[in-house]
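Asker: Quick one: sequence and predicted model below, then my questions.
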Amino acid sequence: MTRLSVNINKIATLRNARGGNMPDLLQVARNVQKFGAQGITIHPRPDERHIRYQDAYDLKPIVTTEYNIEGNPMDNFMDLVLKIKPTQVTLVPDAVDAITSNAGWDTIKHKDYLKEIIAEFKRNDIRTSIFVDPTLRMIEGAAETGTDRIELYTEEFADQYALGNKDAVKPYTQCAELAYNLNLGLNAGHDLSLDNIEFFKDNVPHLLEVSIGHALISEALYDGLEKVIAGYLKKLK
């Protein structure tokens, strides 16, 4: 089955709103794994508006499944990842003031830069993934960087699927086939939800992992974390 990694940024956002430790980020991470999710994702940003850098260290002994740290590979981020050595690092070209990730890498323009960064992580036995738009040229470029995996940016699919346009999945299907032929592992994420995840998984072959945060945590406010995670796992079989 496709593995589910839960992004817990929104838990940190809620905690930070009051300045204390409620909700307890570490306890949520424990529960997410107890309820069956196969990974924990965090995306620390320089302003630490949700996940703090200290959270990344505190989570290290808590995460017994897959630990995925996302972010733009600036110096502080590089140092953090190299010290923690998570299972996977996902490189995302988000601006410092970005509300959320909103574009993938131009893997052709930034090929040399990405090759250097990826080589450093791989020397430290950290699996690498790079965030890319569902464009065949970008997949081909990714294969030249030495990355282990790509993560398809799925916002366009989610937006169009909500409007009833199921053909919006076709570029993702094509990119998935190309990635497989280029020996790239395939992840996906951004705006995937209980409403669209099963259709996406059924139409995108070779999908190894999805990273879901905002929708999953929002859905859990209505139905509870355990029930929502069980719902995702069922749809990802």
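Answerer: Structure received.

Asker: which non-adjacent residue is nearest the residue most central in space within the chain?
Answerer: Using C-alpha atoms, centre = their mean, the residue of the chain that lies closest to the mean C-alpha position is Ser211, 4.1 Å off. Computed as C-beta to C-beta, 6 or more residues apart in numbering, the closest residue to Ser211 that is not its neighbour in sequence is Gly189, at 3.8 Å. Every C-beta, even on glycine, is put in place using the N, C-alpha and C of the backbone.

Asker: residues touching the one you found, list them.
Answerer: 7, 151-154, 210-212 (C-beta atoms under 8 Å, 6 or more residues apart in numbering).

Asker: Identify the farthest-apart pair in those residues.
Answerer: Asn7 and Leu152 (15.4 Å; C-beta to C-beta).

Asker: picking up where we left off before, export the contacts of Gly189 to TSV and tack on pLDDT, distance to Ile62 and secondary structure?
Answerer: Conversion of the contacts of Gly189 to TSV gives the following (pLDDT from 0 to 100; distance: C-beta to C-beta, whole Å; DSSP: H, G, I helix; E, B strand; the rest coil):
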residue	pLDDT	distance to Ile62	secondary structure
Asn7	98	15	strand
Glu151	98	23	strand
Leu152	98	28	strand
Tyr153	97	28	strand
Thr154	97	27	coil
Val210	98	21	strand
Ser211	97	18	strand
Ile212	98	19	strand
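
Asker: Distance to Lys234 for the residues you listed - can I get that in CSV?
Answerer: Converted to CSV, the contacts of Gly189 look like this (distance: C-beta to C-beta, whole Å):
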residue, distance to Lys234
Asn7, 20
Glu151, 23
Leu152, 22
Tyr153, 25
Thr154, 20
Val210, 14
Ser211, 18
Ile212, 14
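
Asker: now, among those residues, which is nearest to Glu226?
Answerer: Lowest distance from Glu226 to those (C-beta to C-beta) belongs to Ile212, with 15.4 Å.
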